[in-house]
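In: this is a predicted model, with the sequence first.
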Amino acid sequence: MKQALKYIGFIILILIALFFFVVNFSAARTSYQCTGELTENGTAQPTTVFITIEEYRPWVGLWSDSDGSMKLEIPNVIHKYYPRVERVGEQRQIYQEGLVGNFSTLSKTLALDIEFFGFFDGNCQSVDK
């Protein structure tokens, strides 16, 4: 009986460690500051946006059909969450209801239709947190 309890305790300890690992290491976050133009109704204005892209680790595919997610902020204007980001080579395709934009990990460019605000096109630089 004591031996069985030891094994059960060991299995519980392993499960807790696996849960801790999955929770803490299931996504890699990268933040960027993007400068470019926000075009609405044919009028372009210089704009800076900040994005954080979370890229999920391969094992997250067991319970998610997305490769990641993205958060966008235009300071003092809007915060937006994009629940689905798909990896396509060096591109990260960004979805809301449908495809709304893409981010290139090679050239660090962002092209994004921001609902109710216009279309943003710009270059990004990595930001340390």
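Out: Sure thing, it's come through.

In: only C-alpha atoms for contact and neighbour calcs from this point on.
Out: Noted.

In: residue ranges with poor pLDDT in this protein?
Out: 1, 17-27, 58-64, 129 (pLDDT under 70).

In: would you map the helices across it?
Out: Secondary structure of the chain (DSSP state H): helices located at 2-24.

In: tell me the buried residues in stretch 117-129?
Out: By neighbour count on 16 or more other C-alpha atoms under 10 Å, the buried set for stretch 117-129 is Gly118, Phe119, Phe120, Asp121, Gly122, Asn123, Cys124.

In: tally of neighbours for Asn102?
Out: Other residues within reach of Asn102, judged by other C-alpha atoms under 10 Å, total 21.

In: which residue ranges of the chain form strands?
Out: Applying DSSP state E to the chain gives strands spanning 27-40, 43-56, 68-74, 78-82, 84-88, 91-95, 99-104, 109-114, 118-127.

In: quick one: which of these is nearest Leu13?
Out: Minimum separation from Leu13 across these (C-alpha to C-alpha) falls at strand 27-40, 23.1 Å.

In: got the buried residues for the closest one?
Out: If you call a residue buried by 16+ other C-alpha under 10 Å, then strand 27-40 has these buried ones: Ala27, Ser31, Tyr32, Gln33, Cys34, Thr35, Gly36, Glu37, Leu38, Thr39.

In: nearest residue to the fourth one in space, please, no chain neighbours.
Out: The spatially closest residue to Gln33, leaving aside those adjacent along the chain, is Phe50, at 4.6 Å (C-alpha to C-alpha, 6 or more residues apart in numbering).
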